[in-house]
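Trainee: okay, predicted coordinates and the sequence, questions at the end:
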Amino acid sequence: MFAPKIKPPLNHRPLQNLILYHGDPVILRFYCNICANIRNATALFLFLAPMITFWRIIKSKSTEQFSGIPYVMTLLNCLLSAWYGLPFVSKNNLLVSTINGTGAGIEFIYVLIFIVYAPKKEKTKILGLFAFVLTFFAAVALISLLALHGNTRKLFCGFATAVFSIIMYGSPLSIMRTVIRTKSVEFMPFFLSLFCFLCGTSWFIYGLIGNDPFVYVNNGFGSFLGALQLILYFIYRKNKGKGKNENKSTSVASVELGLHDKPNTNGAQNGHE
């Protein structure tokens, strides 16, 4: 008689578990590469989505009532994520570093454009926040590089990255509240919401495959918020533009990163109205 085939014990790496239980690692790697390509593509589209907003700013030579804060915070998130993905901080996350490094460059350009065309008071505020972002990132990088080693370094950088990623993804809460109040999606572009959902979901899956809670927890939150934005969009899509006058009158107080009441949409930049 043949002895029953005993499956090998599970380990702590989900990808390896899939290989042990489902066979050909080449096929599994193929699907993982597809997931990685989708993840990078959606992240890039998310970073590029505000180009329409900034083209409008350049043409009008005014930032109008757009908020610059989400772009600065997204820059910080990209810088921290790019640092976290470096091999001497966390292994097998180089793609995290490359796509977020690209995002940091794009966000840097957005911030510079915003500073150029912002009114004096707003310019001063954004410059101050920009200085804080660079200082904070430099502090995290230096502390992790000089004072921490091994897993402690990964935990420190991962925690900082996750916190600011959640803050960035939390920005849509303000525009979602505005959409519900005005019953208009005037300031919640469909494609920005779509790519927020796709980006969060693809990074969430990537984090699960790599068993990295600093990737899948915050991006799972982002995926959930992206899904809520899409649901709101389809509920109120026929009312687009009808709440414009009310938005203009209420957006002066403004919610920036969910703190006030100004419509802004961030995703990797949910920060434009």
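Mentor: Received, thanks. Numbering: from 1, shown residues only.

Trainee: list the residues that contact Met51.
Mentor: Met51 makes no contacts at all, as judged by C-beta atoms under 8 Å, 6 or more residues apart in numbering. Bear in mind the C-beta positions are built from the backbone N, C-alpha and C, glycine included.

Trainee: what's the distance between it and Thr178?
Mentor: Between Met51 and Thr178 the distance, using C-beta to C-beta, to the nearest Å, works out to 22 Å.

Trainee: what residues are up against Lys154?
Mentor: Taking C-beta under 8 Å, 6+ apart, we find Lys154 in contact with 84, 89-90.

Trainee: I meant to write Phe45 there.
Mentor: Contact partners of Phe45, counting by C-beta under 8 Å, 6+ apart, are 191, 195, 199.

Trainee: now these: which count as buried?
Mentor: With burial judged by 16 or more other C-beta atoms under 10 Å, the buried subset of those is 195, 199.

Trainee: what would the contacts of Lys154 look like in a markdown table with neighbour count and secondary structure?
Mentor: Output for those, formatted as a markdown table (neighbours: other C-beta atoms under 10 Å; DSSP: H, G, I helix; E, B strand; the rest coil):
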| residue | neighbour count | secondary structure |
| --- | --- | --- |
| Tyr84 | 28 | helix |
| Val89 | 22 | coil |
| Ser90 | 24 | coil |
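
Trainee: tell me the one of those nearest Ile109?
Mentor: Tyr84 (22.2 Å; C-beta to C-beta).

Trainee: so who does the closest one touch?
Mentor: Under the criterion of C-beta under 8 Å, 6+ apart, the contact list for Tyr84 reads 90, 93, 96-97, 154, 157-158, 161, 214.

Trainee: repeat that for 6 Å
Mentor: The contact partners of Tyr84, taken as C-beta atoms under 6 Å, 6 or more residues apart in numbering, are 90, 157-158, 161.

Trainee: now Gly158
Mentor: For Gly158, the contacting residues are 84, 214, by C-beta under 6 Å, 6+ apart.

Trainee: which helix or strand contains it?
Mentor: When secondary structure is defined using DSSP states H and E, the element that contains Gly158 is helix 150-170.

Trainee: next, the buried residues of the following helix or strand past that helix.
Mentor: The C-terminal neighbour of helix 150-170 among helices and strands, as given by DSSP H and E, is helix 172-182. Neighbour-count burial for helix 172-182, with 16+ other C-beta under 10 Å as criterion, is recorded at 172-176, 178-179, 182.
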